[in-house]
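show me how the following folds:
(2 chains)
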Amino acid sequence: MSQFLLSLFSGIFIGGAAGFLGSLMLPKRMALAAGPLGHLALPGIALALIYGFDISLGAFPFVILGIILIWVFERRTKLPTEALTAVVFATGVAIAFFFLPIEQAEAALVGDISSIQLNDAVFSIILCIIIFFVVKEIYSKMTLINISEDLAKSQKIDVEKYNLVYLLLIALIVALGVKVVGGLLTAAIVAIPAVTSRNLAKTIAQYKFLALSFGILSSAFGIFLSQLTMLPAGPLIIVSSAFLFLISITLKR
Amino acid sequence: MENVILSVENLNVKLNGEAVLIDLSFDVDEGDVLAILGPNGAGKTTLLKALLGIISYEGVIKWRKGIKIGYVPQRLPFIRDVPLSVKEFFHLENAPENEIKEILKSIGLEEEILKKKIGDLSSGQFQRILIGWALASDPHVLLFDEPLAGIDIGGQESVYNLLERLKEEKNLTILFVIHELSIVYRLANKVLCVNKRMLCSGVPKEKLTSEAISNLYAGQVKFYQHKHKGQESL
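Got it, this is the predicted structure:
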């Protein structure tokens, strides 16, 4: 398979899964959390680039570490999550710059899907399919939890369990997302398709479907444009996504 | 007593180390309509949450075996962040289609409302939908947190009528937090006055003396000028 198709398919799957999960994160005011988590993954990405293994594998443990740290700090300090997130993610970026190979900084910061290897691509696509089905499975319950944890608990939903699965999904999608858009832009592949969809959808069924579709479309556009212009795919995906968002504003009644 | 559906003994709840409810003990019989009265910050919502078992507490809360409880929360500010149709809202708790139609009938709404977005409903309609939602699990008991808060007068009257009718038709036991004393007299057969501790308990007409009321709302402006939490919080 050509390198172009390989990156196109991986991008489409990761973009779609990110958009779909993003639609769950938006109501919980979590969509932007993917940004700091992506930044936090930078030391892991740097290690992966130095030692030549898959950057998602490098990113994942750091994202998990970040989530745990934020959770622990939150419990100990009672400070707001976003303040703690700022502390943790800036530290992640700072540490990464001590040893990030400067010639590979672009791949780390804005992603490099165009050079993805077959193994990585297959692995990513399988993971995306798993993420898709798990999100689909938890969607109703998570929506209820997003609306009101009390109401969910009154329905005997194990809120803690669902939140844990949800956080793991976020960690996975951030780790996969850095491959496509790098450590700097992960918030965008999660958040923009969801907000675009939010502008247009009247029901939750439409909302889910559109978020998934916009995730897929912007990845496809970005990767095609990258092929044409030789500019990096990551930023082009985000710009395409933002363009769709602008169109959605004009269509919004 | 065999008619007792809920028995609470020495209930204590602490939130962040601060005592919110202290030594509450009371019983609720099947078919009772219990009004829970008290000033803001008295722990009324906390009491409902403890009864639902969704917060930790000390003491005994004993529901009769096999009792199903429906909960109607005070407000759902985040629901407008999700583009959700009324039908989809019911689907979140897997309510079957024919049952949803039944429920709509019993809460006095047309089927057309299923297609509407939750965000487009009036406050009165939304409150009815919340009640309907709680009814979908076919509960024996309804716990109600300020059913009339934030609803205009016309809507209040219709929600009140709905509650009264539901009670008759479904033989529900209802526990509700309320501020409108007129509703307490009209709907409730029991009252529980709470301000962290229990200050009175019994039949409204006997227990709600002007002394008991001023005692309960001591230090506050006149009780009927109560502001809702949304207006007071920063």
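
nearest residue to the residue nearest the centre of chain B in space, please, no chain neighbours.
Chain B has B:F144 as the residue nearest its centroid, 1.2 Å off, counting by Cα atoms, centre = their mean. When the adjacent residues along the chain are set aside, B:F144 lies closest to B:F176, with 3.7 Å between them (Cβ to Cβ, 6 or more residues apart in numbering or on different chains). C-beta: built from backbone N, CA, C; applies to glycine.

show me what contacts that neighbour?
Residues in contact with B:F176, defined by Cβ atoms under 8 Å, 6 or more residues apart in numbering or on different chains, are B:33-36, B:142-147, B:163, B:188.

and chain B, which of its residues are near chain A?
Within chain B, the positions adjacent to chain A are B:49, B:52, B:54, B:69, B:71, B:73, B:76, B:78-79, B:81-85, B:88, B:91-94, B:117, B:137 by Cβ under 8 Å from any Cβ of the partner chain.

burial count for B:L21?
Using other Cβ atoms under 10 Å in any protein chain shown, B:L21 is surrounded by 24 other residues.

confirm that it sits in a strand.
Yes - assessed with DSSP: H, G, I helix; E, B strand; the rest coil, B:L21 lies in a strand.

that older thread, which one of the contacts of B:F176 is nearest chain A?
Nearest to chain A among the contacts of B:F176, counting by Cβ to the nearest Cβ, is B:L143 at 8.1 Å.

any idea which helix is longest in chain B?
Looking across chain B with DSSP state H, the single longest helix is helix B:153-170.

any idea how far apart the tips of stretch B:159-178 sit?
From the first residue to the last, stretch B:159-178 extends over 13 Å; the measure is Cα to Cα, to the nearest Å.

what's the average pLDDT for that stretch?
Averaged across stretch B:159-178, pLDDT comes to 86.

any idea which helix or strand carries the spatially closest residue to A:L79 that is not a sequence neighbour?
Nearest-residue entry for A:L79: A:F73, 7.1 Å, with adjacent residues in sequence omitted and distances by Cβ to Cβ, 6+ apart. Assigned by DSSP states H and E, A:F73 belongs to helix A:55-77.

identify the residues contacting that helix?
Contact with helix A:55-77 is made by A:36-38, A:40-49, A:79, A:81, A:84-85, A:87-89, A:92, A:107-108, A:120, A:124, A:167, A:170-172, A:174-176, A:178-179, A:183, as judged by Cβ under 8 Å, 6+ apart.

following that helix, which helix or strand comes up?
helix A:81-99.

near chain B, anything from that following helix?
No - shown here: helix A:81-99 not in contact with chain B (Cβ under 8 Å from any Cβ), separated by at least 15.9 Å.

surely A:I145 and A:I157 touch.
Yes - here A:I145 reaches A:I157: they are 6.8 Å apart, a contact under Cβ atoms under 8 Å.

pull out the buried residues from the longest helix of chain B.
B:155-156, B:158-160, B:162-163, B:166-167 (16 or more other Cβ atoms under 10 Å in any protein chain shown).

sheet-wise, list the partners of the helix or strand just after that helix with their directions.
Per DSSP H and E, the first helix or strand lying C-terminal to helix B:153-170 is strand B:173-177. The pairing partners recorded for strand B:173-177 under DSSP bridges are strand B:33-37 (parallel), strand B:141-145 (parallel).

can I get strand B:173-177 in CSV, CA atoms only?
The C-alpha atoms that make up strand B:173-177 are tabulated as CSV, following Å, rounded to 0.1, in the frame of the first residue of the first chain:
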residue,chain,number,x,y,z
THR,B,173,-45.3,8.2,48.3
ILE,B,174,-43.9,11.7,47.8
LEU,B,175,-41.1,13.4,49.7
PHE,B,176,-40.5,16.9,48.6
VAL,B,177,-38.4,19.9,49.5
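
and the next element down the chain from that strand?
With DSSP H and E, the next secondary element past strand B:173-177 is helix B:181-187.

tell me the buried residues in that following helix?
Using 16+ other Cβ under 10 Å as the test for burial, helix B:181-187 gives B:181, B:183-184, B:187.
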